[in-house]
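**Student:** following is a predicted model, sequence given first.
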Amino acid sequence: MIQVAILSRRLKEGKTYEHFRKAWYHTVGFGSGNRMHTVINAFDPREIIVTGFTKTTVENVTAELKIDVKERLDHSLDDVIEPTIGRMFGLLVSEHDFSAEGAVDYRLPTLHGEETDLEQFAQDLKKVADAISEASAERDRTKKRKKHLRFLAT
């Protein structure tokens, strides 16, 4: 399965893509096939959109999310981006090739040439959604604890 993440962030005034990239860049890999693409919005150059595609299994999702949560906690983007982040997560359900010229016949959903089992897909999607929700909650709890500890230290 391929997990997809789409994150939209807005640079703070005076910050550049390079500021973002240096703060965001991962220092630990996921140990699985992962590609990330960064897009700068043509109509709002302060908006940075990152799409990630990770070839994984339902069993490995939790471990990979832990890596990502740790990266974000260890390498905060707070000085570079606005507080609001658009987050969308899912699983790739089908690939489509519309590169032919002319009429295109309807085809059932497929990945890598194999028809998608939509019942199994729905089960996997639920498991991944649960894992993402738990990882997000853990990230938020840890971030809140760290902020509270810094407050107490002052």
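**Tutor:** Sure thing, it's come through.
**Student:** okay, and Pro83 sits in which element?
**Tutor:** Here Pro83 sits in a region with no helix or strand, counting by DSSP states H and E.
**Student:** what of Lys22?
**Tutor:** Per DSSP H and E: helix 17-24 holds Lys22.
**Student:** report the buried residues of that helix.
**Tutor:** For helix 17-24, the neighbour count (16 or more other C-beta atoms under 10 Å) marks 19-20, 24 as buried. Quick note: C-beta positions are derived from backbone N, CA and C, even for glycine.
**Student:** can you check stretch 88-101 too?
**Tutor:** For stretch 88-101, by 16+ other C-beta under 10 Å, it's 89, 91-93.
**Student:** got a pLDDT number for Arg9?
**Tutor:** According to the prediction, Arg9 has pLDDT 96.
**Student:** sec struct for it, please.
**Tutor:** strand (DSSP: H, G, I helix; E, B strand; the rest coil).
**Student:** measure it to Thr38 for me?
**Tutor:** Using C-beta to C-beta, to the nearest Å, one gets 10 Å for the distance from Arg9 to Thr38.
**Student:** ok, now Asp130?
**Tutor:** From Asp130 to Thr38 the distance is 28 Å (C-beta to C-beta).
**Student:** go on, Gly31?
**Tutor:** For Gly31, the distance to Thr38 - C-beta to C-beta - is 21 Å.
**Student:** Asp68 now?
**Tutor:** Asp68 is 16 Å from Thr38, by C-beta to C-beta.
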